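Trainee: below are the sequence and a predicted model for it; my questions follow.
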Amino acid sequence: MKIVLATKNKGKIAEFSGLFRPLGCEVVSLLDLGDIPTVAEDGATFLDNAVKKAKGYSQATGLIALADDSGLEVDALGGAPGVHSARYAGPEATDEENNAKLLRELEGMGPEQRTCRFKCVLALYAPGGELLTAEGACEGVVAEQPLGDGGFGYDPIFYIPELGRSMAQLTPEEKNRISHRGRAIRELEPRLRDFLAKVGG
């Protein structure tokens with residue numbers, strides 16, 4: 001059985017491939033498939049975007065497709081940047097520009113007002129219309145300044161009080177254990193075999 005991963009991000013490809021290989025699946029990504037039209041991420045929620053991408057790439061390839069959508073929700077900003085996390089400071093914004101904009105908007109607020117979470121939704125879609133979704137979240141607070149040089153995106157300003165460190169200060173193993181994507185993958189994992197048996201049979 002062949003699965004297409006709806007991403008060109010090599011880190012995600014490695015992480016998601018680990019889900020399917022033990023189940024005997026052949027895994028390909030958008031990097032392997034050449035010229036496939038991009039599915040627009042214009043949904044109102046992470047779930048909307050993940051399902052839209054999984055369905056779109058499944059229909060384009062005729063394969064089962066796994067897609068994810070994720071981002072940062074800040075309570076004081078009504079859940080923003082949310083689905084706009086990657087382009088918060090503009091369509092071509094860098095991670096540093098997105099972080100700087102967020103820090104400006106929270107200036108003067110204390111830790112109790114800076115609560116936030118990383119959220120990830122996974123969607124697995126089969127050509128026959130079967131859909132499986134999973135969600136993971138990781139709670140934290142927005143730090144007052146970037147901390148650490150690991151990770152990417154909002155990791156340097158995502159502070160985890162219980163660990164006393166930012167996401168960018170964690171080892172890859174520590175990050176996988178607590179991250180929103182790691183939790184979503186672990187929620188999906190026990191249901192995968194049944195889903196694949198259903199759509200493959």
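Mentor: Received it, and whenever you're ready, just let me know what you need. Just so it is clear, the model here is predicted, and its values are computed rather than measured. Residues are numbered from 1 along each chain as shown.
Trainee: where along the chain do the strands fall?
Mentor: Along the chain, counting by DSSP state E, strands occupy 2-5, 26-29, 64-74, 115-125, 131-142, 158-160, 165-166.
Trainee: so where's this protein shaky on pLDDT?
Mentor: 201 (pLDDT under 70).
Trainee: mind putting the strands of the chain into TSV with distance to Glu105?
Mentor: C-beta here means a position set from N, CA and C on the backbone, and glycine is covered the same way. As requested, the strands of the chain are exported to TSV (distance: least, Cβ to Cβ, whole Å):
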stretch	distance to Glu105
strand 2-5	33
strand 26-29	35
strand 64-74	8
strand 115-125	12
strand 131-142	9
strand 158-160	15
strand 165-166	18
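Trainee: looking at those strands, spot the one closest to Ala80.
Mentor: Proximity to Ala80, assessed across those by Cβ to Cβ, is greatest for strand 64-74 (6.2 Å).
Trainee: thinking again about what came up before, out of the strands of the chain, nearest to Leu188?
Mentor: Evaluated over the strands of the chain, closeness to Leu188 peaks at strand 131-142, with 3.8 Å, by Cβ to Cβ.
Trainee: longest helix anywhere in the protein?
Mentor: Counting by DSSP state H, the longest helix found in the chain is helix 180-200.
Trainee: identify the residues contacting the closest residue to Asn99 other than its chain neighbours.
Mentor: Of all residues not flanking Asn99 in the chain, Ile157 sits nearest, at 5.3 Å (Cβ to Cβ, 6 or more residues apart in numbering). Listed by Cβ atoms under 8 Å, 6 or more residues apart in numbering, the contact set of Ile157 reads Asn99, Leu102, Leu103, Val142, Ala143, Gln145, Pro146, Leu147, Ser166.
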